[in-house]
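**Student:** give the three-dimensional model of this entry:
(one chain, ligands or ions: 2)
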Amino acid sequence: MASKLTNVFGSTRSVLGVMDMANKPLKVIPENYIRPEMEPSIQSDIGNPLPAIPIVDLKSLVSDGQFKRTELEKLYSTCKDWGFFQVINHGVSPQLLEKLKLEVEKFFQLPTEEKMKYEIKPGDVQGYGTVIRSEDQKLDWGDRCYMVINPVHRRKPYLLPKFPPSFRDTLESYFSEVRKLAMTLLGLLGKAINMDLKEVEDIFDDGMQSIRMTYYPPCPKPEHVIGLTPHSDATGITIVHQVNGVEGLEIKKDGAWIPVTFLPHAFVVNVGDVMEILSNGAYTSIEHRAAVNKERERISVAMFFNPKFEAEIGPVKSLLSPETPPLFKRMLMEDYFKDFFSSNLNGKAHLEKMRIQCVERDRGEKVETQIQ
Ligand SMILES: O=C(O)CCC(=O)C(=O)O
Ligand SMILES: [Fe+2]
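**Tutor:** Numbers count the residues shown, from 1 in each chain. Ligands and ions are numbered 1, 2, ... in the order given. Predicted structure coming up:
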């Protein structure tokens, strides 16, 4: 199913319906889903287990509103070396997560005609489906729904407000619980590099928050397709919940694609490009992708936490000095967001556009204007 779109994000159309296709007996994978360019991931074997993903235990990091310095240092090195961790004792209730699971599953099982009410509209990137920008575009093996949910006045009236009421209510509770967690984590990340809390709050308070819910159907030839193209997130931080416990996330570490496994009930947190920019490279955003499997569908809900649209993003002033010049340009969050969504996902290419080239830095003039 497809419709023509022309908009600020370029001339596009949207497509949806991997689920419909995958529900039928499928002998041949359609050509536009086959991805020979994807590098295989490394596999574990005896004597060569996959590296363990760092665990951040929020309870031992913060108690009675105080944080432990040694734990904070661990958080810093994790975000620097991995850009990625799993958080436990995060404070989001298991009952809410169970409710979310039921509601999200119900949503994706709605008939296609129902879900099409939320289809991405001309001139937009929000809604159900995948944006298509060229006739030869390769597609991901997943159906998804993306929307901005904060600030509230930016919500599309035909998306969240029109969702089935019990799903909407559950999502609202989830948004606010996960937002609390995100603000705690952002504060800690700021603290670990000596940004003051006020500075972090000014940037992120009532910031842009968005969600992507994805349903990855099983695929008879999972090694030939990809659930979600390699990318880094254009966010401060992202908090991912593997809703039905099925794994598939892979991260690129030291040049290799590694499948990652998580503790039950842990959230996956990854540092996004905006955090790499704000921290002037102290933290690194991580390239990741989603693989699919033969047996089971996988559902994930990713929440993205960003500065407010009106904020200027760039390395925070308190981290800059003549010895530590800015590595990234400055830009309004609004423009950064538009720019990100005007092209397809492509590794860390979007972040690279923000990097100040050595030549420019050596010339000096840009550096001076950036520092004050
Ligand atoms: O499905 C996942 O585990 C990852 C989702 C993700 O990376 C995204 O939505 O940006
Ligand atoms: Fe992502």
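**Student:** can you tell me the strand partners of the host helix or strand of residue 239 and which way each runs?
**Tutor:** Here residue 239, judged by DSSP states H and E, is contained in strand 237-242. According to DSSP bridges, strand 237-242 forms sheet pairs with strand 267-271 (antiparallel), strand 298-305 (antiparallel).
**Student:** from the chain's centroid, how far away is the last one?
**Tutor:** Using CA atoms, centre = their mean, to the nearest Å, we find the averaged C-alpha position of strand 298-305 to lie 7 Å away from the chain's own average C-alpha position.
**Student:** quick one: strands adjacent to the helix or strand that that strand is followed by?
**Tutor:** For strand 298-305, the succeeding helix or strand toward the C-terminus, using DSSP H and E, is strand 312-313. Here strand 312-313 is paired, per DSSP bridges, with strand 331-332 (antiparallel).
**Student:** chain center to the partner strand: distance?
**Tutor:** So, by CA atoms, centre = their mean, the centroid of strand 331-332 is 20 Å from its chain's centroid.
**Student:** now do the same end-to-end measure for stretch 105-114.
**Tutor:** 14 Å (CA to CA, to the nearest Å).
**Student:** start the count at 363, not 1, going forward
**Tutor:** Noted, 363 is the first residue going forward, which turns the last one into stretch 467-476.
**Student:** can that stretch be said to contact ligand 1?
**Tutor:** No - Stretch 467-476 does not reach ligand 1 (CB under 6 Å from any ligand atom); its nearest approach is 13.3 Å. To be clear about C-beta, it is placed using only N, CA and C from the backbone, and glycine gets the same treatment.
**Student:** can you list the residues that contact the strand holding residue 601?
**Tutor:** Contacts to strand 599-604, defined as CB atoms under 8 Å, 6 or more residues apart in numbering, come from residues 449, 459, 462, 540, 543-544, 547-548, 551, 611, 624, 629-634, 637, 660-667.
**Student:** quick check: end-to-end length of stretch 420-437?
**Tutor:** 10 Å.
**Student:** ligand 1 contacts on the stretch 613-734 of the chain?
**Tutor:** 650, 652, 662, 664.
**Student:** doesn't residue 571 make contact with the last one?
**Tutor:** No - with contacts counted by CB atoms under 8 Å, residue 664 stays clear of residue 571, the gap being 11.4 Å.
**Student:** between these two, which one's more packed in?
**Tutor:** Taking neighbours as other CB atoms under 10 Å, residue 664 and residue 571 compare with residue 571 leading, 24 against 21.
**Student:** tell me the predicted confidence for the more buried one.
**Tutor:** The model reports residue 571 with a pLDDT of 96.
**Student:** need the phi and psi values for it.
**Tutor:** Per-residue torsions, residue 571: phi -130, psi 130 (degrees, to the nearest 10).
**Student:** distance of it from ligand 1?
**Tutor:** 14 Å (CB to the nearest ligand atom, to the nearest Å).
**Student:** quick check: bridge partners of that residue?
**Tutor:** Assigned bridge partners for residue 571, using DSSP bridges, are residue 512, residue 667.
**Student:** what's near enough to touch it?
**Tutor:** For residue 571, the contacting residues are 510-512, 537, 541, 665-668, by CB under 8 Å, 6+ apart.
**Student:** now the strand holding residue 601 - C-alpha only, PDB.
**Tutor:** This file holds the C-alpha atoms of strand 599-604, laid out as PDB (Å, rounded to 0.1, in the frame of the first residue of the first chain):
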ATOM      1  CA  ILE A 599      19.400   9.500  24.800                       C
ATOM      2  CA  THR A 600      17.100   6.700  23.600                       C
ATOM      3  CA  ILE A 601      15.400   4.300  26.000                       C
ATOM      4  CA  VAL A 602      14.400   1.100  24.300                       C
ATOM      5  CA  HIS A 603      12.000  -1.500  25.700                       C
ATOM      6  CA  GLN A 604      12.000  -5.000  24.100                       C
END
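**Student:** in the stretch 613-734 of the chain, mark out all the helices, start to finish.
**Tutor:** With DSSP state H, counting those that start in this stretch, the ranges of helices along the stretch 613-734 of the chain come out as 635-640, 695-703, 711-716, 720-725, 727-733.
**Student:** dump the residue contacts of the closest residue to residue 480 other than its chain neighbours.
**Tutor:** Nearest residue to residue 480, sequence neighbours excluded (CB to CB, 6 or more residues apart in numbering): residue 490, at 4.2 Å. With contact set as CB under 8 Å, 6+ apart, residue 490 has these partners: 378, 477-478, 480-482, 505-507.
**Student:** burial measure for the nearest residue to residue 659 once chain neighbours are set aside, as a count.
**Tutor:** Closest residue to residue 659 apart from its sequence neighbours, by CB to CB, 6+ apart: residue 579 at 5.3 Å. Residues lying near residue 579 (other CB under 10 Å) number 20.
**Student:** which residues belonging to the helix or strand containing residue 440 are considered buried?
**Tutor:** Under the criterion of DSSP H and E, residue 440 resides in helix 431-443. For helix 431-443, a neighbour-count test (16 or more other CB atoms under 10 Å) marks 433, 436-438, 440-442 as buried.
**Student:** what are the ranges of the strands in the stretch 463-612 of the chain?
**Tutor:** Remark: strands assigned in the stretch 463-612 of the chain by DSSP state E, counting those that start in this stretch are 489-490, 492-494, 505-512, 571-578, 590-593, 599-604, 611-615.
**Student:** can you say which of those is nearest to residue 645?
**Tutor:** Residue 645 lies closest, by CB to CB, to one member of those: strand 599-604, at 9.4 Å.
**Student:** and that closest one, anywhere near ligand 1?
**Tutor:** Yes - shown here: strand 599-604 in contact with ligand 1 (CB under 6 Å from any ligand atom) through residue 602.
**Student:** ok, back up a step: can you redo the strands paired with strand 599-604 as CSV with mean pLDDT and distance to residue 698?
**Tutor:** Below are those laid out as CSV (pLDDT from 0 to 100; distance: least, CB to CB, whole Å):
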stretch, mean pLDDT, distance to residue 698
strand 629-633, 96, 16
strand 660-667, 97, 13
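**Student:** kind regards, and thank you for your time.
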